[in-house]
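**Student:** Need a 3D model of the following:
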Amino acid sequence: MVVPRPPSYAAGMSYCAFITTIKQFDGKASGIIVGILLLNVAFCFTAVAVANVLMITKIHSIYRSTGASMAKAQAEFTTEFLRNQHVQEAASSAVNTAINSQFNNSRY
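**Tutor:** Residues are numbered from 1 along each chain as shown. This next block holds a predicted model:
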């Protein structure tokens, strides 16, 4: 009788890298080497996740200290975005292409 795997496994890997790493330490030399390698990867991913959280909180505090708001950011984006010559040319080209394709690909 085949026992199905629990839903926490996808392609034989668990959700938590640290749990997978601990399972690799089986006493053999190859298991220890693979376990150390996986432990290194798990710590690196954890360090990057922590750095991302710290960076987001730092950026958020800088953003809030400038007195900026979402309304100001949206207004600035729309005015600067619509004034950009490259954006205007790209939008014009896209509209022309869409109109030409509609006229050239008539269904009737």
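
**Student:** Quickly note the distance from Asn100 to His86.
**Tutor:** Per Cβ to Cβ, to the nearest Å, Asn100 is found 21 Å from His86. Where you see a C-beta, it was placed from the backbone N, CA and C, and this is true even at glycine.

**Student:** Val50: how many residues sit nearby?
**Tutor:** Val50 has 10 neighbouring residues, counting by other Cβ atoms under 10 Å.

**Student:** Model confidence at Asp26, what's the number?
**Tutor:** With respect to pLDDT, Asp26 scores 78.

**Student:** Leu82 now?
**Tutor:** Leu82 is assigned 79 on the pLDDT scale.

**Student:** How about it, nearest residue that isn't a chain neighbour?
**Tutor:** Distance criterion Cβ to Cβ, 6 or more residues apart in numbering; nearest residue to Leu82, sequence neighbours excluded, is Gln88 at 7.5 Å.

**Student:** Remind me what the longest helix that the chain contains packs against, helices and strands.
**Tutor:** Longest helix of the chain, by residue count under DSSP state H: helix 29-65. Helix 29-65 sits against helix 17-24, with contacts defined as 3 or more Cβ pairs under 8 Å, 6 or more residues apart in numbering; DSSP states H and E.

**Student:** Now do the helix it packs on: everything it contacts.
**Tutor:** Residues outside helix 17-24 that contact it (Cβ atoms under 8 Å, 6 or more residues apart in numbering) are 13-14, 31-32, 34-35, 38-39, 41-42, 45.

**Student:** again, only using 7 Å
**Tutor:** 13-14, 31, 34-35, 38-39, 41-42, 45 (Cβ atoms under 7 Å, 6 or more residues apart in numbering).

**Student:** Buried among those? Make that a PyMOL selection.
**Tutor:** Remark: buried members of the contacts of helix 17-24, expressed as a PyMOL selection using 16 or more other Cβ atoms under 10 Å:
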select buried, resi 34+35+38+39+42
